[in-house]
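Asker: Following is a predicted model, sequence given first.
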Amino acid sequence: MKQVNESLVRSLRSSLKITDETLRCDLDEVTLTLAASGLSESMSVLRDSPTLNFDLLIDVCGMDYADHPDKHQFKSRFAVIYHLLSLDLNHRLRVRVFCEDDEQPVVPSVVDIWAGANWFERETFDLYGIVFDGHPDLRRLLTDYGFVGHPLRKDFPLSGHVEMRYDPVEKRVIYQPVTIEPREIVPRVIREDSYGDV
């Protein structure tokens, strides 16, 4: 483990009182797993503690572990991943928070801690359907307002549920059921008898 990560792990253990099960260091990357119920308090400590000083939120993204090979080791299907950076102390941290309910995934918003989380949380809500409790303006960001479902979920069909097209007769955009027939395309390989001979 790099010296920077060793000091980070020591600081995390002293500041947050975490256990070995919630803290992992693989491939010189530190990952901290937190409970959704205490997320706001823990994130405030990560930002405000002088020994941690994570002043920059780099990214927020969702994860769907439905088809993951090791899905039995995860607490639930959905998780939110936060990537944090301390500019002064030059260390990085990945924070993972599992949603407690797979049917209605919810985690607290961190917009009041890092204002830059606003659009990241909206994107995660739009693509995964994870609700961020306390977000000031949680609505779709990348898909249309009439879009049905969340396209990055593992159970979302490749062709989608509805398609959108412009109707010249009605002079407006209309939604209709998908007209594409699902099929598998296997490429046909043709090789000559002398293929590979010099």
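Answerer: That came through, no problem.
Asker: ranges for the helices of this structure?
Answerer: Secondary structure of the chain (DSSP state H): helices at 3-16, 39-48, 117-128.
Asker: out of those, which comes closest to residue 107?
Answerer: helix 39-48 (6.3 Å; Cβ to Cβ). (C-beta placed from N, C-alpha, C; glycine too.)
Asker: Give me the buried positions along that closest one.
Answerer: 39-40, 42-43, 46-47 (16 or more other Cβ atoms under 10 Å).
Asker: Excluding chain neighbours, what is closest to the most centrally placed residue in the chain?
Answerer: Nearest residue to the geometric centre of the chain (Cα atoms, centre = their mean): residue 62, 1.6 Å. Leaving out its chain neighbours, the residue that sits closest to residue 62 by Cβ to Cβ, 6 or more residues apart in numbering is residue 128, at 3.6 Å.
Asker: how about the one you found, what does it touch?
Answerer: Taking Cβ atoms under 8 Å, 6 or more residues apart in numbering, we find residue 128 in contact with 62-64, 78, 105, 150, 152-153.
Asker: Give me the pLDDT for it.
Answerer: Listed pLDDT for residue 128 reads 95.
Asker: Over to the one 5 residues further on?
Answerer: pLDDT for residue 133: 96.
Asker: correct me, but it touches residue 109?
Answerer: Yes. In this structure, residue 133 is within contact of residue 109 by Cβ atoms under 8 Å, at 6.2 Å.
Asker: How much space separates residue 98 from residue 130?
Answerer: Going from residue 98 to residue 130 by Cβ to Cβ, to the nearest Å gives 11 Å.
Asker: Overlap in contacts, these two.
Answerer: residue 78.
Asker: Would you report the backbone torsion angles of residue 140?
Answerer: phi -60, psi 150 (degrees, to the nearest 10).
Asker: residues in contact with the residue nearest to it when sequence neighbours are not counted?
Answerer: Nearest residue to residue 140, sequence neighbours excluded (Cβ to Cβ, 6+ apart): residue 126, at 4.6 Å. Residues near residue 126 by Cβ under 8 Å, 6+ apart: 140-143, 150.
Asker: rewinding a little: wait, which of the contacts of residue 128 is closest to residue 7?
Answerer: residue 63 (27.9 Å).
Asker: so residue 61 touches residue 125, yeah?
Answerer: No. Using Cβ under 8 Å, residue 61 is not in contact with residue 125, being 11.6 Å away.
Asker: neighbour count winner among the two?
Answerer: residue 125 (21 against 15; other Cβ atoms under 10 Å).
Asker: What separation do you get for the more buried one and residue 6?
Answerer: 36 Å.
Asker: Same check on residue 163?
Answerer: Residue 163 is 53 Å from residue 6, by Cβ to Cβ.
Asker: between the contacts of residue 128, which is nearest residue 174?
Answerer: Using Cβ to Cβ, the contacts of residue 128 come closest to residue 174 at residue 150, 22.3 Å.
Asker: need the helices of the chain in TSV with distance to residue 72, can you?
Answerer: TSV is the format used below for the helices of the chain (distance: least, Cβ to Cβ, whole Å):
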stretch	distance to residue 72
helix 3-16	27
helix 39-48	24
helix 117-128	21
